[in-house]
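Asks: Got a predicted structure plus its sequence, pasted below:
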Amino acid sequence: MTAENLPFGASRIRRSFKDFFESKNHKIVPSAPMVIRDDPTLMFTNAGMNQFKDIILGNVPIKYPRAADSQKCLRVSGKHNDLEEVGHDTYHHTMFEMLGNWSFGDYFKKEAIGYAWEYLTEVLRLDKNRLYVTVFEGSPSENLSRDDEAAAYWEKYLPKSRIINGSKKDNFWEMGDTGPCGPCSEIHIDVRPDGERAKTDGLTLVNRDHPQVIEIWNLVFMQFNRKADGTLENLPNRVIDTGMGFERLCMAVQGKTSNYDTDVFQPLIAEIGRITGHRYGDSPQADVAMRVVADHIRTIAFSVTDGQLPSNARAGYVIRRILRRAVRYGYTFLGQKQAFMYRLIPALIDSMGEAYRELIDQETLIGKVVKEEEESFLRTLENGIKLLDKIIRDAETAGTNRMAGADAFVLYDTYGFPLDLTELILREHNMELDREGFDVEMQKQKERARNAATVETGDWVNIREGEPEFVGYDKTSAEAKILRYRKVKQKNTGFYQIVFDRTPFYAEMGGQVGDSGSFTPCCCGNDGAIEILDTKQENNLAMHFTQRLPENPEGEFRLEVNVQKRRATECNHTATHLLHEALRDVLGKHVEQRGSFVAPDILRFDFSHFRKLTDEEIRRVEKQVTAKIREDIMLNESRHVPLAEAKKTGAMALFGEKYGDDVRVVRFGTSIELCGGTHIASTGRIGTFRIIGESSIAAGVRRIEAVSGEACENYLYLQQDMIRELRSLLNNADLRQAVEKYIEENAGLKKQVEEFMKDRTERLKQLIIDRKEIRNGIHFFAVKGVYPAEIVKDIAFRLRGEYPEKMCFAGATSFNSKPSLTLMISDDLAKNGLNASQLVREAAKHIKGSGGGQAHFATAGGKDPDGLPQALEEMIASVSRQ
């Protein structure tokens, strides 16, 4: 049976991979979230190994020596993963699934190569004659020889002619600038038709970016650790890390020549065609757009299920950028001027819901988020087109067919207007873009971002062996020894990161800020207390940030947490749990946590809900939380509870969080949650609680800001002081009555002012008409003096209506010491070549200002009122000459 007629659908292929490795004694683990939290080095899971990074680095013990999974991944940069290229070829994606198997100190190259060959050729029955492999050719500069060991194992399955030497760039995998690394061996497949294979040997096309001669599996043999100085040392436990692109594998197994032709994407593409009226294959441009939309909707949907909403910061910005790229392709090439991508969610669920249940559970939220983001960006496109139209008109007036790169960058950076759409519209107007100028501005921005983000990290200095232990649930002080430390430099500021063998300091994680405090030597020495500025989690290590090291790092130290800050933070964290329960009781069980921030002075809680909370609902939530506080419910926590057992208790789990096999359950009465943070001993110690803000942060997601404990007391004192001051100011004990009285009086006075201004405007208009002059057959109306710009503009338009032909209105006025110019001309004068915008810009030089507008009406502002007479004279003279 050939690959072409195998009855292998995508779901069966995914399942067959897991079944195969389970039969080889591998633990099948679930996919980690695609969006990574609590890791400052990475925003998204970009490889299957991410969830095993702590094991590979030796920061946590090995739970099982063999593992396999299908991992959701996201890549928008790096080799072959430029976002702007996705959709233009047939085999690269933003979101993709990575099938992988791992060995941690167990088997190595021989077994990894044997398993790969067996699965591909015996389970999936791929044609052996279409397969090629690469091995690391060596690197003399690093004293690394060719990977003859891997090559020898491959020779059991393939002729030497199909075992290709690969460069360090392609065949030596590194986790980063430092850390585990090693040679790798790639498996490539040639899916070209037999006729093409007969003409050109596939051997010459491996790693040559041919769309049908592609890598499908990479076997990484981690055996080295790269230090900060670039040197390599052997790893104590060698690791096998393999990754196989699921979409590419489906293409090969199903006999296709494009990933998008497989049943992974075809249901989505068919639905896009049904909605837009385009048929895949009819138009190259429309085909690209359909591939872009099909790829990107998967990325967006899975990001939302992992708790990451589109936003303007970090991971949220990446998701928003991907979504907007899809909207822009639909707008430009599929004619979609209204939101349409949200309608693809049911088709996505039909295709992937069985493997990823979270798509089904959160279908409503995904749809609402996508729809609102689409509509928002479509408004941005509309506004951007208006701004671009103005730039084009100004360029035509100035007699140029070239748009400044800086202007295009402002559209791109400030307004989110896509560059290629700018270029497309310019071509329609026979204009071109100063691309070099745009690139200069883009480079400046990248340099600013790079300088802000650059971190120089030194090697770890290991003092002693051991694994860190967190004792902060029970203590706020402890005696400890330093395991390791390193120096870090960012923004020209140096500091140290220290890892202790035991610590009461909570490291920032799960929305709760990290502890601060100090540590001092336990015995004699000249060291005083060393301040711990912050504590953050990285690679499962609690990093204590300090500005200096102790004189004797090998000594023993006493660590002291800032208890006041910790207790205030714990009050807010426990209040967050009570708030979550209250929201579900008051609003409904659809409420789920979407994020949180817990600090000493404030708490933020993001949750799924589709409308603004009423004042009554907010009050009910506050009352329920404060009632729980008065009950003084004791903390009931259970540590190291099996995840399945914890869920049976009804404990709330946060979507997008990766939980281990054992979890911590935090219970305050009927509030039960999976939580790793610190909490107050009983709810009564919170004192009091108030909601101080409620808002929308995304489609279907609301945010509550609240205070508790001492911060809440201060908030209430502030409210009382304000009321007291208002009563004193209004000289009235009944504030409501006093305010209503002043509002009523203000409305009456406002009406009188409006009548006065209306009368004054009418009298000024008549005065201007009385002083009208006629020059060269044109009716000239002029005004100067101290008048608000709105009145002058109103008179200009009213006069234009009364004098539709051969009319010019010129104003040179000031208000609040700010000079302004106004120029209005009738349409017939504009059609004869006069341009109010151009004339105002010239006249504005007299008042040291600038301005613009349309051909028939323009305004300008400036800094020098003394130049108003000359500006008025120039505007009138310029029109007269015409």
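Replies: Great, that's in hand. Numbering: from 1, shown residues only.

Asks: what number of residues lie near the nearest residue to residue 785 once chain neighbours are set aside?
Replies: Spatial nearest neighbour of residue 785, excluding adjacent residues (Cβ to Cβ, 6 or more residues apart in numbering): residue 813 at 5.9 Å. Quick note: C-beta positions are derived from backbone N, CA and C, even for glycine. Residues lying near residue 813 (other Cβ atoms under 10 Å) number 21.

Asks: Tell me the secondary structure at residue 813.
Replies: strand (DSSP: H, G, I helix; E, B strand; the rest coil).

Asks: So it sits against residue 822, correct?
Replies: Yes: counting by Cβ atoms under 8 Å, residue 822 is a contact partner of residue 813 at 7.5 Å.

Asks: shared neighbours, the two?
Replies: Listed as contacting both residue 813 and residue 822 by Cβ atoms under 8 Å, 6 or more residues apart in numbering are 789, 792.

Asks: Tell me which residues touch residue 761, please.
Replies: 791, 794, 795.

Asks: Please report how far residue 768 lies from residue 782.
Replies: 7 Å (Cβ to Cβ, to the nearest Å).

Asks: and if you look at residue 564?
Replies: The value you get for residue 564 to residue 782, if Cβ to Cβ is used, is 69 Å.

Asks: now residue 670
Replies: To residue 782, residue 670 is 77 Å away according to Cβ to Cβ.

Asks: Which one's more surrounded, these two?
Replies: Shown here are residue 670 and residue 782; by other Cβ under 10 Å, residue 782 has more neighbours (17 against 11).

Asks: Which positions in stretch 50-61 come out as buried?
Replies: Residues 50, 51, 52, 53, 54, 55, 56, 57, 60 are the ones in stretch 50-61 that count as buried (16 or more other Cβ atoms under 10 Å).

Asks: Same question for stretch 802-811.
Replies: Quick answer for stretch 802-811 (16+ other Cβ under 10 Å): 803, 806, 807, 808, 809, 810, 811.

Asks: Now the last one: closest residue in space, sequence neighbours ignored.
Replies: Counting by Cβ to Cβ, 6+ apart, residue 811 lies nearest to residue 822, which is 3.7 Å off, once chain neighbours are set aside.

Asks: tell me the SS of the one you found?
Replies: Secondary structure, three-state DSSP: residue 822 is strand.

Asks: To what extent is it buried, counted in neighbours?
Replies: Residues lying near residue 822 (other Cβ under 10 Å) number 26.

Asks: for it, what are its contacts?
Replies: So residue 822 contacts 789, 792, 793, 796, 809, 810, 811, 813, 858, 859 (Cβ under 8 Å, 6+ apart).

Asks: I'd like the distance between the first one and residue 614.
Replies: For residue 789, the distance to residue 614 (Cβ to Cβ) stands at 41 Å.

Asks: higher neighbour count, the two?
Replies: Neighbours per residue, other Cβ under 10 Å: of residue 789 and residue 614, the larger number sits with residue 789, 17 against 10.

Asks: Could you report the distance from that one to residue 583?
Replies: 48 Å.

Asks: cool, residue 223 as well?
Replies: From residue 223 to residue 583 the distance is 51 Å (Cβ to Cβ).

Asks: where does this structure dip in pLDDT?
Replies: Counting by pLDDT under 70, the chain contains low-confidence ranges at 1-7, 38-41, 77-82, 449-455, 524-526, 655-658, 882.

Asks: any idea which helix or strand carries the residue nearest to the spatial centre of it?
Replies: Here the mean C-alpha position of the chain is nearest to the C-alpha of residue 316 (Cα atoms, centre = their mean), at a distance of 1.9 Å. Using DSSP states H and E, residue 316 sits in helix 314-333.

Asks: Likewise for residue 623?
Replies: Using DSSP H and E, residue 623 falls within helix 615-631.

Asks: elements contacting that helix?
Replies: Counting contacts by 3 or more Cβ pairs under 8 Å, 6 or more residues apart in numbering; DSSP states H and E, helix 615-631 packs against helix 563-587, strand 689-698.

Asks: Look up how far residue 806 lies from residue 53.
Replies: From residue 53 across to residue 806, the span is 77 Å (Cβ to Cβ).

Asks: Next: residue 232.
Replies: 85 Å.

Asks: what distance separates the start and the end of stretch 683-693?
Replies: One end of stretch 683-693 to the other measures 22 Å (Cα to Cα, to the nearest Å).

Asks: Buried ones in it, by neighbour count?
Replies: Across stretch 683-693, burial judged by 16+ other Cβ under 10 Å covers 683, 685, 686, 687, 688, 689, 690, 691.
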